[in-house]
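Participant: 3D, please:
(one chain, ligands or ions: 1)
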Amino acid sequence: MKMNVLIEKQDLFFFRPVFQERIWGGTQLKKNFNYEIPNDKIGECWAISAHENGPSVVANGECKGLTLSELWTQQRHLFGNLEGEKFPLLTKILDAKDDLSVQVHPNDTYAQINENGELGKTECWYVLDCEEDAELVLGHNAQSKAEFLSTVEENKWDEVLRRVKIKPGDFFYIPSGTVHAICKSTLILETQQNSDTTYRLYDYDRRDDNGNLRELHIEKSMDVIIFPHVDANPVRNEYQQEGTLITEFINNEFFSVERWKVTATTNLSNNNPFILASVVEGAGSISINEETHSLIKGSHFLIPFYVKEFTIDGKMVIIASHV
Ligand code: ZN
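Facilitator: Numbers count the residues shown, from 1 in each chain. Okay, here's the model as predicted:
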């Protein structure tokens with residue numbers, strides 16, 4: 001659908017989530033977020049996505065029914081006329097009932113050349129919920145590619161993979177080239193570059209319902225893994241703004257991600273090309289130009305460039321991101 005008219009009146013864009021079945025998925029997206037999910041193996045909720053493998057559709061206002069990609073191509077002023085062929089970010093919620101494969105993602109340069117112009121994938125995780133003693137795979141212990149390969153050849157995965165304990169509220173930054181895996185009993189909100197390129201390194205020799213192993217991508221993985229592993233410890237910045245405690249988890253060339261812990265009325269300003277936001281706890285409202293929209297846990301929305309001021313209220317936690 002080609003829109004010749006410039007959208008100027010719609011001040012907030014809610015999106016309908018897209019659900020993706022995964023062999024490691026479960027039912028937390030229904031239990032925890034009250035979403036209608038199509039079956040009991042849903043691993044991913046693509047909450048705000050302009051990726052062709054799961055495009056978000058606007059759920060309200062004059063743009064209802066349009067995809068985020070259509071807005072990006074035809075209404076670029078909503079995003080402050082930001083340049084780029086592809087919308088830069090993707091927000092997901094991941095329900096890992098079982099372990100995800102151990103994987104690594106390429107950077108922009110490698111993906112452009114080897115994956116038909118895809119973007120690279122740098123991502124970050126906010127732990128929404130997990131069982132006690134839950135952990136993640138983050139990084140590896142090999143000093144070199146040769147050491148990594150020889151340890152893996154002896155099937156000593158436990159030796160080569162680094163594991164970290166996690167708890168709700170933790171934040172992890174995973175630059176491209178980092179070996180990683182989300183492990184079982186974990187619910188995570190992921191903010192990432194808009195890419196679907198994953199190199200699977202190890203899948204615990206697990207078989208699907210038809211008895212098949214999933215494909216591994218050892219050669220490409222070895223091309224992109226960084227040796228030795230370097231821990232990314234972004235500096236956290238926290239401040240109180242009226243009724244909201246704002247925690248900046250990361251702010252770099254790929255994205256900025258913040259947590260807003262709202263407890264009372266707060267006036268905020270938007271100095272970015274756009275803001276993506278997801279309510280992950282509680283409920284409340286957002287007011288723009290005297291219009292109030294209610295927010296519930298599981299609401300995902302975009303604040304466009306031309307909305308410079310807005311007011312949030314209620315008792316809720318929001319994860320917000322922008323470029
Ligand atoms: Zn990943």
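Participant: tell me the helix or strand right after the lengthiest helix in the chain.
Facilitator: As assigned by DSSP state H, the longest helix anywhere in the chain is helix 145-153. Note on helix 145-153: by DSSP states H and E, the next helix or strand toward the C-terminus is helix 157-160.
Participant: buried sites along that following helix?
Facilitator: Trp157, Val160 (16 or more other Cβ atoms under 10 Å). In short, each C-beta sits where N, CA and C put it, glycine included.
Participant: what residues does it touch?
Facilitator: Here helix 157-160 makes contact (Cβ atoms under 8 Å, 6 or more residues apart in numbering) with Val102, His140, Asn141, Ala142, Phe148, Thr151, Val152, Tyr202.
Participant: let's see it at 7 Å
Facilitator: His140, Asn141, Ala142, Phe148, Thr151, Val152, Tyr202 (Cβ atoms under 7 Å, 6 or more residues apart in numbering).
Participant: for Asp108, what are its contacts?
Facilitator: Asp108 neighbours (Cβ under 7 Å, 6+ apart): Leu119, Gly120.
Participant: let's see it at 8 Å
Facilitator: Contacts of Asp108 (Cβ under 8 Å, 6+ apart): Leu119, Gly120, Ser176, Gln193.
Participant: farthest pair within the residues you listed?
Facilitator: Using Cβ to Cβ, the two most remote members of the contacts of Asp108 are Leu119 and Ser176, lying 9.7 Å apart.
Participant: which one's more surrounded, these two?
Facilitator: The neighbour comparison of Leu119 against Ser176 (other Cβ atoms under 10 Å) goes to Leu119, with 27 against 24.
Participant: surely that one touches Ser195?
Facilitator: Yes: counting by Cβ atoms under 8 Å, Ser195 is a contact partner of Leu119 at 4.3 Å.
Participant: hey, what's in contact with both of those two?
Facilitator: Ala111.
Participant: quick check: buried residues in stretch 154-168?
Facilitator: Buried residues in stretch 154-168 (16+ other Cβ under 10 Å): Trp157, Val160, Leu161, Ile166.
Participant: before we move on, which element is the closest residue to Val224 other than its chain neighbours in?
Facilitator: Closest residue to Val224 apart from its sequence neighbours, by Cβ to Cβ, 6 or more residues apart in numbering: Pro106 at 4.7 Å. Per DSSP H and E: Pro106 is located in neither a helix nor a strand.
Participant: surely Pro106 touches Thr198?
Facilitator: No: contact status for Pro106 versus Thr198: not in contact, 9.3 Å apart, counting by Cβ under 8 Å.
Participant: between the two, what contacts are shared?
Facilitator: In contact with both Pro106 and Thr198: Lys121, using Cβ under 8 Å, 6+ apart.
Participant: so what does the longest helix of the chain touch, helix or strand wise?
Facilitator: Packing partners of helix 145-153 (3 or more Cβ pairs under 8 Å, 6 or more residues apart in numbering; DSSP states H and E): helix 157-160, helix 218-224.
Participant: which of the ones you listed sits closest to Ser49?
Facilitator: Smallest distance to Ser49 across the helices and strands packed on helix 145-153 (Cβ to Cβ): 23.2 Å, for helix 218-224.
Participant: elements contacting that closest one?
Facilitator: Applying 3+ Cβ pairs under 8 Å, 6+ apart, we find helix 218-224 packed against strand 102-104, helix 108-114, helix 145-153, strand 199-202.
Participant: show me where pLDDT drops low in the chain?
Facilitator: 1-4 (pLDDT under 70).
Participant: and it, what are its domain boundaries?
Facilitator: As assigned by automatic domain parsing, the chain contains the domains 13-224, 237-322.
Participant: as a markdown table, the ones you listed with distance to Val5 would be great.
Facilitator: Below are the domains of the chain laid out as a markdown table (distance: least, Cβ to Cβ, whole Å):
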| stretch | distance to Val5 |
| --- | --- |
| domain 13-224 | 9 |
| domain 237-322 | 15 |
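Participant: figure out which of those domains is closest to Asp231.
Facilitator: domain 13-224 (6.6 Å).
Participant: hang on, the earlier thing: need the contact partners of the longest helix of the chain.
Facilitator: Here helix 145-153 has contacts from His140, Ala142, Glu159, Val160, Tyr202, Met222, Ile225, Phe227, using Cβ under 8 Å, 6+ apart.
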